[in-house]
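K.L.:
Mind folding the following:
(2 chains)
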Amino acid sequence: MNVQVHKLTKRFGETTVLKNLSFTVSHGEFISVLGPSGVGKTTLLRILASLESPDSGTVQCGSQNAVLVFQDYVLFPFLTVHQNVAFGLEARRLPQREVGARVGRLLSHFGLSDKAAEYPARLSAGQKQRVALARALAVEPQLLLLDEPLANLDKNLKRDTALYLRGVQREFGITTICVTHDQEEAMVISDRIALLLDGEIKQLGTPAAVYYQPNSVAVARFMGPVSVLPNALLVCCEAPAGERSGTCMLRPEQVALRPSASGALTVREVRLLGLYRFCILQAEGTDYEVFTSHPVELHRGQRVDIDRVRVSIDKEAVRETV
Amino acid sequence: MSSQRVRTASAFLPLLPFVLFIAAGIGYTVIQSMGAWITVRPGDVYPAGYGVILQSAWFYRSLLYSLWIAAVSTALSVVLGTVLALLLRGLPQQLYPFALVYKIPLILPHVVIGLIVLVGFGRGGVLGRLAAAPGSTALISAYVFKSASFVTLLVYAVLRSFDARQLETARMLGAGAWQSFRHLLLPVIGPPAATAGVIVFLFSFGAFDLPFLLGASRPAMLAIDIYNRYWYRDLPARPAAMASLVVMFLFSTLFVALYFRLVRRQKHGTRHV
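P.N.:
Have a look, this model is predicted:
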């Protein structure tokens, strides 16, 4: 069952948080809604979970059976792990034997069998998350909603957990919408990313498309370090002559600085930021902020040219950009 | 004496006057209940009061009446106070300042509440004429009026930190109102409601001022009976009055001890939050 969001608008007082949002999520797809804090991501999830009503617009997701897993999991503190997972099944008045069997299977699947009798206060963040997922999946919802699912985890655990979540989602074949403010997290976990800025979805596409083919500077900047440069400054730009008057947006791996005595730009500042370097280059009195991951020795006052490096992207990876 | 012991002893030092005062009061009561120190004349010793009260119908009637009044007042106060706390929790933020009227009975002196209730429920009062047992009704009403807001205060303080998303999650999982209340709200509001209930029960059981103003005289609340026997009877009646007081004290202590034992067992046995 597809999830269809049509012209969704939500206001809080004078502020319009969500403006005319429309998108469709296919059955079994994993979409991340990516955006900065306070942009309305959680409000969107709450509307999808029927916990809030929109001011206008509609959400269609079959039997309205959506379960939201909150950022801090919101486990029931006075119930054991087993009772937490069984909660939704008991609410449906299933026979005790069936409840026991289904909960047992889920606990085993999530590696929680030995924690069945524990209370949530005694679990680690990762275990709590698995309990929350098991509790949500126990009722076999049409739509799983995840609010910042990796926000409470250590940085080292995030990628592993993201892959784990993706594996669980594929295994259960459940349509999932996740909200996050972390672009790396969104890229690891999602089939598609919807970038929510100023209450609007600015771009919806595969991670590669949103990263390498952003439709605006705002989208490009939110997705990571980007150099916005006039085409005319790029030496090896293969763009047709007509496009040389515009600007292009390049990721650090697409920018190579080549020292040259007759270079068009002068290096004014160089800073190492880990995987890439941040430089301020000057040409004809104008400063340009450039990110590059190509290893070349740079120092202040040096003359350089900018080469555009072609990055091959799988066509499949950039499909369906809206 | 080790420095640790000195530190522990000095920590209890500020409590010493309070402990001495209570111990002296209890000690004096016990001595008088045994028939001694009733008068200042040395050698004046009366029979101990315990034999008298254990063979007296008035004592059992008053004790049972006091327990009944305390139990009914406590049950009504806990139910009403808890319901009020739950309603307050659901109130929009902007209306909350108006809801603070629930605290008014807390700051009113008992005598004022007694008079308010007397006008409404007393023998000559508007509603009292309709009631089957005016004395008891008035007394219970006054206790509930005063104590329900105390229960609300304790329960609401805990409810304010209750994460409402638990109820939202329960709803998404398909739970009904009763299942949510039983598994999510009751474990949160139960302990403060029980604690408030114990305090309200003991207060209602042993209070003097409201029964003096509103209570029936036959049977009378135990505190009134003790007062009457101590001050308005001959000196030989005093040991029995003081023995009743000791029984009240022992009952209250036992009640609190049982309550704490129950709470401790619950904490160790079933809850780990």
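
K.L.:
Just the C-alphas of the strand or helix carrying A:Val210, formatted as PDB.
P.N.:
Counting by DSSP states H and E, the element that carries A:Val210 is helix A:207-212. What follows is helix A:207-212, C-alpha atoms only, in PDB (Å, rounded to 0.1, in the frame of the first residue of the first chain):
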ATOM      1  CA  PRO A 207      20.800  10.000  -1.800                       C
ATOM      2  CA  ALA A 208      23.200  10.200  -4.800                       C
ATOM      3  CA  ALA A 209      20.800  12.500  -6.700                       C
ATOM      4  CA  VAL A 210      20.300  14.900  -3.800                       C
ATOM      5  CA  TYR A 211      24.000  14.900  -3.100                       C
ATOM      6  CA  TYR A 212      25.400  15.200  -6.600                       C
END
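
K.L.:
So which helix or strand of the chain has the lowest pLDDT on average?
P.N.:
In the absence of a named chain, chain A is used. helix A:155-172 (a mean of 85; mean pLDDT, DSSP states H and E).

K.L.:
The intended chain is chain B.
P.N.:
When the helices and strands of chain B are scored by mean pLDDT, DSSP H and E, helix B:110-121 comes last with a mean of 73.

K.L.:
after that one comes which helix or strand?
P.N.:
Helices and strands here follow DSSP H and E; after helix B:110-121, the next one along the chain is helix B:134-159.

K.L.:
Can you get me the centre-to-centre distance for the helix or strand following that next one and its chain?
P.N.:
Next helix or strand after helix B:134-159 toward the C-terminus (DSSP H and E): helix B:165-172. Relative to its chain's centre, helix B:165-172 lies at 36 Å (CA atoms, centre = their mean, to the nearest Å).

K.L.:
Report whether helix B:165-172 contacts chain A.
P.N.:
Yes - residues of helix B:165-172 contacting chain A under CB under 8 Å from any CB of the partner chain: B:Arg165, B:Gln166, B:Glu168, B:Thr169, B:Ala170, B:Arg171, B:Met172. For the C-beta atoms, the positions are set from N, CA and C on the backbone; glycine is no exception.

K.L.:
Tell me the most packed of these, by neighbour count.
P.N.:
B:Thr169 (29 neighbours; other CB atoms under 10 Å in any protein chain shown).

K.L.:
A:Ser37 looks like it's in a strand, true?
P.N.:
No - A:Ser37 is assigned coil when assessed by DSSP: H, G, I helix; E, B strand; the rest coil, not a strand.

K.L.:
And it, how far from chain B?
P.N.:
18 Å (CB to the nearest CB, to the nearest Å).

K.L.:
show me the contacts for residue 77.
P.N.:
Just so you know, I chose chain A. A:Tyr119, A:Pro120, A:Ala121, B:Pro187, B:Val273 (CB atoms under 8 Å, 6 or more residues apart in numbering or on different chains).

K.L.:
Switch to chain B, please.
P.N.:
Counting by CB under 8 Å, 6+ apart, B:Ser77 has contacts B:Tyr143, B:Val144, B:Ser147, B:Ala148, B:Phe150, B:Val151, B:Ala196, B:Gly197, B:Val200.

K.L.:
Point me to the helix or strand that includes it.
P.N.:
helix B:57-89.

K.L.:
Centre of the chain to that helix, how far?
P.N.:
In terms of CA atoms, centre = their mean, the centre of helix B:57-89 is found 8 Å from the chain centre.

K.L.:
State the mean pLDDT of that helix.
P.N.:
For helix B:57-89, mean pLDDT rounds to 93.

K.L.:
got the angle between that helix and helix B:134-159?
P.N.:
On the basis of axes from the mean of the first three to the mean of the last three CA atoms, to 10 degrees, helix B:57-89 is oriented at 40 degrees to helix B:134-159.

K.L.:
buried ones in helix B:57-89?
P.N.:
For helix B:57-89, a neighbour-count test (16 or more other CB atoms under 10 Å in any protein chain shown) marks B:58-59, B:62-63, B:65-66, B:69-70, B:72-74, B:76-78, B:80-82, B:84-86, B:88-89 as buried.

K.L.:
where are the low-confidence patches of chain B?
P.N.:
Applying pLDDT under 70 to chain B flags residues B:1, B:40, B:42-43, B:120-135, B:215-218, B:266-273.

K.L.:
How about the residues of it by chain A?
P.N.:
Within chain B, the positions adjacent to chain A are B:163, B:165-166, B:168-176, B:179, B:183-184, B:187-188, B:271-273 by CB under 8 Å from any CB.

K.L.:
If we use 6 Å, what do you get?
P.N.:
B:165-166, B:168-169, B:172-175, B:179, B:184, B:187, B:272-273 (CB under 6 Å from any CB of the partner chain).

K.L.:
Please identify which of the contacts of A:Pro77 is nearest to A:Ala134.
P.N.:
Lowest distance from A:Ala134 to the contacts of A:Pro77 (CB to CB) belongs to A:Pro120, with 12.4 Å.

K.L.:
And for the closest one, the neighbour number?
P.N.:
The tally of other residues near A:Pro120 (other CB under 10 Å) stands at 22.

K.L.:
correct me, but it touches A:Leu75?
P.N.:
Yes - if you go by CB atoms under 6 Å, A:Pro120 and A:Leu75 touch, sitting 3.9 Å apart.

K.L.:
Next, show the common contact partners of the two.
P.N.:
The contact sets of A:Pro120 and A:Leu75 do not overlap (CB atoms under 6 Å, 6 or more residues apart in numbering or on different chains).

K.L.:
residues in contact with the closest residue to B:Val155 other than its chain neighbours?
P.N.:
In space, and not counting its chain neighbours, B:Val155 is closest to B:Ala85: 3.9 Å by CB to CB, 6 or more residues apart in numbering or on different chains. Residues near B:Ala85 by CB under 6 Å, 6+ apart: B:Thr152, B:Val155, B:Tyr156, B:Leu159.

K.L.:
what do you get if the cut-off is 10 Å, keeping everything else the same?
P.N.:
Applying CB atoms under 10 Å, 6 or more residues apart in numbering or on different chains, one finds that B:Ala85 lies in contact with B:102, B:148-149, B:151-160, B:189, B:192-193, B:196.

K.L.:
any idea how far B:Leu106 is from it?
P.N.:
Distance of B:Ala85 to B:Leu106, computed by CB to CB, to the nearest Å: 14 Å.

K.L.:
And B:Val45, by the same measure?
P.N.:
From B:Val45 over to B:Leu106 the distance is 46 Å, taken as CB to CB.

K.L.:
Just checking the distance from stretch B:171-188 to the centre of its chain.
P.N.:
Per CA atoms, centre = their mean, the displacement of stretch B:171-188 from the mean C-alpha position of its chain is 30 Å.

K.L.:
Export that stretch to CSV, keeping only CA atoms.
P.N.:
Extracted C-alpha coordinates of stretch B:171-188, given in CSV (Å, rounded to 0.1, in the frame of the first residue of the first chain):
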residue,chain,number,x,y,z
ARG,B,171,-3.1,4.5,21.3
MET,B,172,-1.0,3.8,18.2
LEU,B,173,-0.6,0.2,19.4
GLY,B,174,-4.4,-0.1,19.7
ALA,B,175,-4.8,0.2,23.4
GLY,B,176,-8.1,1.4,24.9
ALA,B,177,-8.5,3.9,27.7
TRP,B,178,-8.7,1.2,30.4
GLN,B,179,-5.5,-0.6,29.3
SER,B,180,-3.6,2.7,29.1
PHE,B,181,-4.8,3.7,32.5
ARG,B,182,-4.1,0.3,34.2
HIS,B,183,-0.6,-0.2,32.7
LEU,B,184,0.7,3.3,32.2
LEU,B,185,-1.1,5.8,34.5
LEU,B,186,-1.9,3.7,37.6
PRO,B,187,1.7,2.7,38.3
VAL,B,188,2.5,6.4,38.3
